[in-house]
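Participant: Sequence unavailable; structure follows:
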């Protein structure tokens, strides 16, 4: 890790306390210390200051020096910073502040506090402990992302970040998790993240695609068999549950499991015990179960594809991954991510992607989600003949041809509907969601343009400049 940075935020008018603290840190501690006075005026927006004073500094540790009535400004800054920056430990250095206020800080944002007189013996051990903790957490996250490919969990949209933000919390305990989302949204990546952030990270991660196993072989694959269990079973076979001992079993497409297998898995989940085929002995396994599906689980339960008791056992903590069309502000981030990945992998000369190409990507609905975007970018980088990917390099699937039994008018109406939807989206993207400007450019009445938006159920807020 590079030399750590400490940010010292001064809310003290006379600066004597902050000067003493800075002297201790700079002369006796090998860090880069940034001392920044916080303006006394109440007119300065805390949101702007947080960007300038904390986010831009990239500090590993923050000291907040407060005295008198300045604690209100300190609270505003730290609360605002928590919304725009990765959380960092903060030590409050307080003078002339009530004990009740210090307790409030400890609940809201402060990791520790110090009261004057200041001494190196009191300041430095606290700072060293928190810096080491931050360094270890940063290195752990980097190692995990490098080892397990978790860099593919790319996104800034609120819905996506809200779900991904739960992963470290879920990983701490052996609670069962059901991850729901369309094909290609990253369900297995999330399952791997939970495993490798958990105390089971040293154990195996065993993924099972339940939809890819023939119904008659599911029990054998999961529970294994003993020698002689059936004709041709000349040797014993360890099932995937045994292979996952001490680790995590990831069951994907659980709605494809036969009812008999669901019953036996339900017992294993409840009792942590199972019986291999042909065995008279019950075995125990210490395995965490994470499951996933792209099906509508409530509908699957109603149709009998999922046993209700089995579903409830799996769905202790639900995770719902949004489809890519609902997080369009992440499309550019993902495109740039995959561009870097494949340029490095293929030793390509492509260096960037044109704005027109990004607009083309953003206007597509991505039924295959992130996985489909990855494949599109892989093909574009492979076949590109220029250093900048152009719109023509982005090859997207076209809508299937009209069915033979469609009438001319039906086929025409379907194509017009598709054209209208894509055209409106293109105009909104071009003008950052400004309906008036988009309608003017389209040479349509604003009211008529708005009616088309409503007709095609287009969310205008997706295209606003603050999210895309």
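Facilitator: Great, that's in hand. These figures come from a predicted structure and were not determined experimentally.

Participant: Could you use CA atoms for every contact and neighbour count after this?
Facilitator: Noted.

Participant: For stretch 219-231, list every residue counted as buried.
Facilitator: Buried residues in stretch 219-231, counted by 16 or more other CA atoms under 10 Å: 219, 220, 221, 222, 223, 224, 225, 226, 229.

Participant: Please state the offset of it from the chain centre?
Facilitator: With CA atoms, centre = their mean, to the nearest Å as the basis, stretch 219-231 stands 39 Å off its chain's centre.

Participant: can you list contacts of it?
Facilitator: For stretch 219-231, the external contacting residues (CA atoms under 8 Å, 6 or more residues apart in numbering) are 233-242, 261, 274-279.

Participant: Buried subset of those, written for PyMOL?
Facilitator: Applying 16+ other CA under 10 Å to these, the buried members can be selected in PyMOL as follows:
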select buried, resi 237+238+239+240+241+242+261+274+275+276+277
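
Participant: Strands - which of the contacts of stretch 219-231 land there?
Facilitator: Those of the contacts of stretch 219-231 mapping onto strands are 237, 238, 274, per DSSP state E.

Participant: Who is the second one paired with across the strands?
Facilitator: Residues found in beta-bridge contact with residue 238 (criterion: DSSP bridges) are residue 224.

Participant: residues in contact with it?
Facilitator: Residue 238 makes contacts with 223, 224, 225, as judged by CA under 8 Å, 6+ apart.

Participant: where does the stretch 101-250 of the chain have low pLDDT?
Facilitator: The stretch 101-250 of the chain contains residues with pLDDT under 70 at 134-152.

Participant: hmm, back to that, will you turn the ones in strands among the contacts of stretch 219-231 into JSON lines that also has distance to residue 286?
Facilitator: Below are the ones in strands among the contacts of stretch 219-231 laid out as JSON lines (distance: CA to CA, whole Å):
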{"residue": "237", "distance to residue 286": "19"}
{"residue": "238", "distance to residue 286": "15"}
{"residue": "274", "distance to residue 286": "11"}
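
Participant: between these, which is nearest residue 354?
Facilitator: Nearest to residue 354 out of the ones in strands among the contacts of stretch 219-231 is residue 238 (CA to CA; 52.0 Å).

Participant: on that earlier part again, what is the most widely separated pair among the buried residues of stretch 219-231?
Facilitator: Maximum distance among these (CA to CA): 14.8 Å, for 222 and 229.

Participant: how would you label residue 118: helix, strand or coil?
Facilitator: Secondary structure, DSSP: H, G, I helix; E, B strand; the rest coil: residue 118 is coil.

Participant: Just confirm it contacts residue 20, I think it does.
Facilitator: Yes. Between residue 118 and residue 20 there is a contact under CA atoms under 8 Å: 7.4 Å.

Participant: Residue 265 - that's part of a helix, no?
Facilitator: Yes. Secondary structure of residue 265 (three-state DSSP): part of a helix.

Participant: Now residue 361. Nearest residue, chain neighbours left out?
Facilitator: residue 331 (7.2 Å; CA to CA, 6 or more residues apart in numbering).

Participant: Count the residues that sit near that neighbour.
Facilitator: When neighbours are defined as other CA atoms under 10 Å, residue 331 has 25 of them.

Participant: got it, and residue 165?
Facilitator: Neighbour count of residue 165, defined by other CA under 10 Å: 10.

Participant: And the residue with the largest distance to the centre of the chain, how far from residue 393?
Facilitator: Going by CA atoms, centre = their mean, the residue of the chain most distant from its centre is residue 231, 47.4 Å out. To residue 393, residue 231 is 55 Å away according to CA to CA, to the nearest Å.

Participant: quick one, phi psi at residue 293?
Facilitator: Backbone torsions for residue 293, taken as degrees, to the nearest 10, come to phi -160, psi 150.

Participant: I figured it hits residue 184, correct?
Facilitator: No. With contact defined as CA under 8 Å, residue 293 does not count as touching residue 184 (11.2 Å).

Participant: sorry, back to before: which residues touch the residue nearest to residue 361?
Facilitator: Residue 331 neighbours (CA under 8 Å, 6+ apart): 324, 361, 362.

Participant: quick one: the second one from residue 390, how far?
Facilitator: Going back to what we said before, that points to residue 361. For residue 361, the distance to residue 390 - CA to CA - is 11 Å.

Participant: quick one, which of the two is more surrounded?
Facilitator: More neighbours surround residue 361 than the other of residue 361 and residue 390, with 22 against 19 (other CA under 10 Å).

Participant: burial count for residue 454?
Facilitator: For residue 454, the neighbour count with other CA under 10 Å is 12.

Participant: what is the rounded mean pLDDT of the one helix or strand it maps to?
Facilitator: For residue 454, the host element (DSSP states H and E) is helix 446-455. The average of the pLDDT scores along helix 446-455 is 86.

Participant: buried set for that helix?
Facilitator: In terms of neighbour count (16+ other CA under 10 Å), helix 446-455 has its buried residues at 446, 449, 450, 453.

Participant: excluding its backbone neighbours, what's nearest the last one?
Facilitator: Across the structure, with CA to CA, 6+ apart as the measure, the residue nearest residue 453 apart from its sequence neighbours is residue 424 (7.1 Å).

Participant: didn't that neighbour look like it was pressed against residue 454?
Facilitator: No. Counting by CA under 8 Å, residue 424 does not reach residue 454; the two are 10.7 Å apart.

Participant: what touches both of these two?
Facilitator: Common contact partners of residue 424 and residue 454 (CA under 8 Å, 6+ apart): none.

Participant: Residue 275 and residue 293, how far apart?
Facilitator: Taken as CA to CA, the span from residue 275 to residue 293 is 26 Å.

Participant: where does residue 292 fall, helix, sheet strand or coil?
Facilitator: Put simply, residue 292 is strand when judged by three-state DSSP.

Participant: if we can go back for a sec, sort the contacts of residue 331 by pLDDT and name the bottom one.
Facilitator: Of all the contacts of residue 331, residue 362 carries the smallest pLDDT score, 88.
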